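> The following block contains a protein sequence and its predicted model.
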Amino acid sequence: MHYSPEKRTALGGLRVLDLSRFIAGPLCCQILGDMGAEVIKVERPGGEDARRHRPFYRDNSIYTMVFNRNKLGVTLNTRHIGATGILEALVARSDVVVENYRPGTLEKMGLSFDRMHEINPRVILVSISGFGQHGRNSKRALFDAVAQAESGLMSVTGSPQGEPMMVGTFIADYVAAFHGAMGAMTALLARTITGLGQHVDVACVDALFSTMGTYASAYAMLGKVPGRSGNRDQITVPANVFKTRDDRIYIHAGTNPLFRRLAAVMGRPDLVDDERFSNQERRLANIDLIEGLVEGWTSSLSREEVAAALSTAGVPFAKVATLAEAVESEQIEDREMLVNIDHPLAGRITVPGIPIKLSDTPGNVRKAPPLPGEDNDRVYGDLLGMTSDEVADMCKSGLI
């Protein structure tokens with residue numbers, strides 16, 4: 001689907017200054033931009049490092065495409081003596097500023113939150129960092145895998161006999177981005193009451209640790225340490241990935257009503273009355289046995305045959321899709337989770353859709369990720385009131 005930019009949006013009229021790089025900060029800003037905010041992405045002359053990250057499509061980084069749509073692009077050498085005045089002018093005209101520098105960097109630039117608040121009392125600063133703005137580890141550098149290891153997530157991921165394992169995507173960055181966007185929206189709502197902005201502090205480790213749910217609380221209160229369980233559910237049985245004749249399928253039939261449905265579709269209604277499987281605790285105690293019986297059934301059928309039988313019976317399941325199958329699935333198409341947009345160099349590109357569906361003020365994908373400095377004239381000229389000669393001089397001096 002090709003989104004129309006004319007749709008009424010939720011955040012129209014808000015301006016976001018994006019001083020961030022890589023994933024967490026840029027994605028946070030993109031979420032706000034998808035909902036209608038005007039986002040100004042600031043990067044150094046020539047473009048941020050992420051523009052050189054693979055994979056590439058027609059010599060353009062897909063990495064940059066995925067996290068930077070719906071933004072205006074300007075360049076600024078923040079180490080240049082003239083950069084502070086430019087940044088302050090942009091802060092004065094912004095509602096939200098997002099940054100993911102290491103804590104202390106903004107202060108060295110002369111742009112602490114206190115200074116921002118002097119310039120613009122209504123501005124909201126969202127700081128996304130590895131370990132947060134305070135704490136013993138606040139100055140440590142972090143990449144996604146560090147957060148996965150530090151948060152405890154890696155210790156509970158993988159097979160019981162295997163080593164701790166990373167999740168197969170940059171989950172810490174994504175979760176931190178979501179929290180950053182939610183923090184910005186919460187602060188914007190609070191501003192309607194107080195009239196003042198505030199500092200939103202999001203740490204990648206905090207954000208990922210919050211996903212540990214019952215694991216962390218169970219350890220804190222009971223001293224219970226969960227082991228790695230692979231694809232098994234730790235509470236209900238059977239709930240696992242099972243082999244079929246030609247592939248794999250995930251089945252979740254751990255509750256008593258669902259187990260009765262599964263037993264019926266397997267042609268084994270007798271299993272419901274078997275004392276070894278009559279409730280969740282007993283099935284957990286005999287997990288290898290019941291999973292063996294389920295896989296004995298699934299392995300005799302194709303994945304499509306198992307899926308059809310489970311669908312008819314109302315048993316939750318999922319084909320273990322390859323990436324190609326997921327991308328090409330009817331569900332992704334129906335939910336518009338991949339959309340096309342025209343890029344100034346790469347032509348028609350495909351980027352992720354918007355997972356938040358608003359009925360009255362939907363988000364939209366209206367602008368391709370900007371080229372470095374693509375909107376210098378528009379932002380420095382129209383927004384900050386500089387002449388074309390002043391913009392040209394800034395370019396010659398290496399400021400932009």
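Yep, it's here. Residues are numbered from 1 along each chain as shown.

> Give me the most central residue, this protein.
residue 174 (2.6 Å; Cα atoms, centre = their mean).

> what's the helix or strand for the residue nearest to residue 372 when sequence neighbours are not counted?
In this structure, residue 372 finds its nearest non-sequential neighbour in residue 47, 3.8 Å apart by Cβ to Cβ, 6 or more residues apart in numbering. Where you see a C-beta, it was placed from the backbone N, CA and C, and this is true even at glycine. Using DSSP states H and E, residue 47 sits within no helix or strand.

> try residue 111
Going by DSSP H and E, residue 111 is not part of any helix or strand.

> list the contacts for it?
84, 87, 88, 91 (Cβ atoms under 8 Å, 6 or more residues apart in numbering).

> Pull out the buried members of those.
Among these, those scoring as buried are 87, 88, 91 (criterion: 16 or more other Cβ atoms under 10 Å).

> Where is the longest helix in this structure?
Ranked by number of residues, the top helix in the chain under DSSP state H is helix 171-194.

> Return the list of helices and strands in contact with that one.
helix 24-34, strand 96-99, strand 124-129, helix 144-150, strand 199-203, helix 204-209 (3 or more Cβ pairs under 8 Å, 6 or more residues apart in numbering; DSSP states H and E).

> of these, which approaches residue 348 most closely?
Ranking the helices and strands packed on helix 171-194 by distance to residue 348, with Cβ to Cβ as the measure, places helix 24-34 first at 19.0 Å.

> Find the residue ranges of the chain scoring beneath the pLDDT cut-off.
Where the chain drops to pLDDT under 70, the residues are 1-7.

> Now do the domain split for it, please.
Domain assignment of the chain by automatic domain parsing yields the ranges 15-212+335-397, 239-243+248-319.

> Pick the most buried one from those.
domain 15-212+335-397 (a mean of 18; mean count of other Cβ atoms under 10 Å).

> Straight-line length of it, end to end?
28 Å (Cα to Cα, to the nearest Å).

> So what's the gap between it and the chain middle?
12 Å (Cα atoms, centre = their mean, to the nearest Å).

> One more: stretch 308-325?
On the basis of Cα atoms, centre = their mean, stretch 308-325 is displaced by 25 Å from the centre of the chain it belongs to.

> Between the two ends of that stretch, how far is it?
So stretch 308-325: terminal residues 17 Å apart, Cα to Cα.

> coming back round to it: reformat the helices and strands packed on helix 171-194 as JSON lines; add distance to residue 165.
Formatted as JSON lines, the helices and strands packed on helix 171-194 follow (distance: least, Cβ to Cβ, whole Å):
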{"stretch": "helix 24-34", "distance to residue 165": "22"}
{"stretch": "strand 96-99", "distance to residue 165": "31"}
{"stretch": "strand 124-129", "distance to residue 165": "25"}
{"stretch": "helix 144-150", "distance to residue 165": "9"}
{"stretch": "strand 199-203", "distance to residue 165": "23"}
{"stretch": "helix 204-209", "distance to residue 165": "15"}
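
> of all these, which lies closest to residue 135?
Per Cβ to Cβ, nearest to residue 135 of these: strand 199-203, 7.8 Å.

> helices and strands around that closest one, which ones?
Using 3+ Cβ pairs under 8 Å, 6+ apart: strand 199-203 touches strand 124-129, helix 171-194.

> Relative to residue 219, which of those is closest?
That would be helix 171-194 among those, by Cβ to Cβ, at 20.0 Å.

> With distance to residue 113 added, can I get the helices and strands packed on strand 199-203 in TSV?
As requested, the helices and strands packed on strand 199-203 are exported to TSV (distance: least, Cβ to Cβ, whole Å):
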stretch	distance to residue 113
strand 124-129	5
helix 171-194	12
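
> mind checking which helix or strand the residue nearest to residue 275 when sequence neighbours are not counted is in?
Spatially, and ignoring its direct neighbours in sequence, residue 275 is nearest to residue 282 (6.8 Å; Cβ to Cβ, 6+ apart). When secondary structure is defined by DSSP H and E, residue 282 falls within helix 280-285.

> measure the residue nearest to residue 372 to residue 60 for me?
For residue 47, the distance to residue 60 equals 11 Å [Cβ to Cβ, to the nearest Å].

> just residue 341 next, same as before
Residue 341 is 13 Å from residue 60, by Cβ to Cβ.

> swap in residue 24?
22 Å.

> and what of residue 75?
17 Å.

> Now residue 395: closest residue in space, sequence neighbours ignored.
Residue 395 sits nearest to residue 376 (Cβ to Cβ, 6+ apart), 7.6 Å away.

> Do I have it right that that neighbour meets residue 392?
No. Using Cβ atoms under 8 Å, residue 376 is not in contact with residue 392; the gap is 9.9 Å.

> Using a markdown table, please lay out the contacts of residue 111 together with secondary structure and distance to residue 36.
A markdown table is the format used below for these (DSSP: H, G, I helix; E, B strand; the rest coil; distance: Cβ to Cβ, whole Å):
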| residue | secondary structure | distance to residue 36 |
| --- | --- | --- |
| 84 | helix | 30 |
| 87 | helix | 24 |
| 88 | helix | 26 |
| 91 | helix | 21 |
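
> Identify the farthest-apart pair in the residues you listed.
It's 84 and 91 that sit farthest apart of those, by Cβ to Cβ, at 10.3 Å.

> do you know which of the helices and strands packed on strand 199-203 lies nearest residue 210?
Of those, nearest to residue 210 by Cβ to Cβ is helix 171-194, at 7.8 Å.

> what's the angle from that closest one to strand 124-129?
160 degrees (axes from the mean of the first three to the mean of the last three Cα atoms, to 10 degrees).

> then helix 171-194 to PDB, C-alphas only?
Only the C-alpha atoms of helix 171-194 are listed here, as PDB (Å, rounded to 0.1, in the frame of the first residue of the first chain):
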ATOM      1  CA  ILE A 171      15.300  -6.300  20.800                       C
ATOM      2  CA  ALA A 172      16.800  -3.900  23.400                       C
ATOM      3  CA  ASP A 173      17.000  -1.000  21.000                       C
ATOM      4  CA  TYR A 174      13.400  -1.600  19.800                       C
ATOM      5  CA  VAL A 175      12.000  -1.800  23.300                       C
ATOM      6  CA  ALA A 176      13.900   1.300  24.400                       C
ATOM      7  CA  ALA A 177      12.600   3.100  21.400                       C
ATOM      8  CA  PHE A 178       9.000   2.200  22.300                       C
ATOM      9  CA  HIS A 179       9.600   3.400  25.900                       C
ATOM     10  CA  GLY A 180      11.200   6.600  24.600                       C
ATOM     11  CA  ALA A 181       8.200   7.400  22.400                       C
ATOM     12  CA  MET A 182       5.800   6.500  25.300                       C
ATOM     13  CA  GLY A 183       7.800   8.700  27.600                       C
ATOM     14  CA  ALA A 184       7.600  11.600  25.100                       C
ATOM     15  CA  MET A 185       3.900  11.200  24.800                       C
ATOM     16  CA  THR A 186       3.400  11.000  28.600                       C
ATOM     17  CA  ALA A 187       5.500  14.200  29.100                       C
ATOM     18  CA  LEU A 188       3.500  16.000  26.300                       C
ATOM     19  CA  LEU A 189       0.300  15.100  28.100                       C
ATOM     20  CA  ALA A 190       1.700  16.300  31.400                       C
ATOM     21  CA  ARG A 191       2.800  19.600  29.700                       C
ATOM     22  CA  THR A 192      -0.900  20.300  28.900                       C
ATOM     23  CA  ILE A 193      -1.400  20.500  32.700                       C
ATOM     24  CA  THR A 194       1.900  22.000  33.900                       C
END
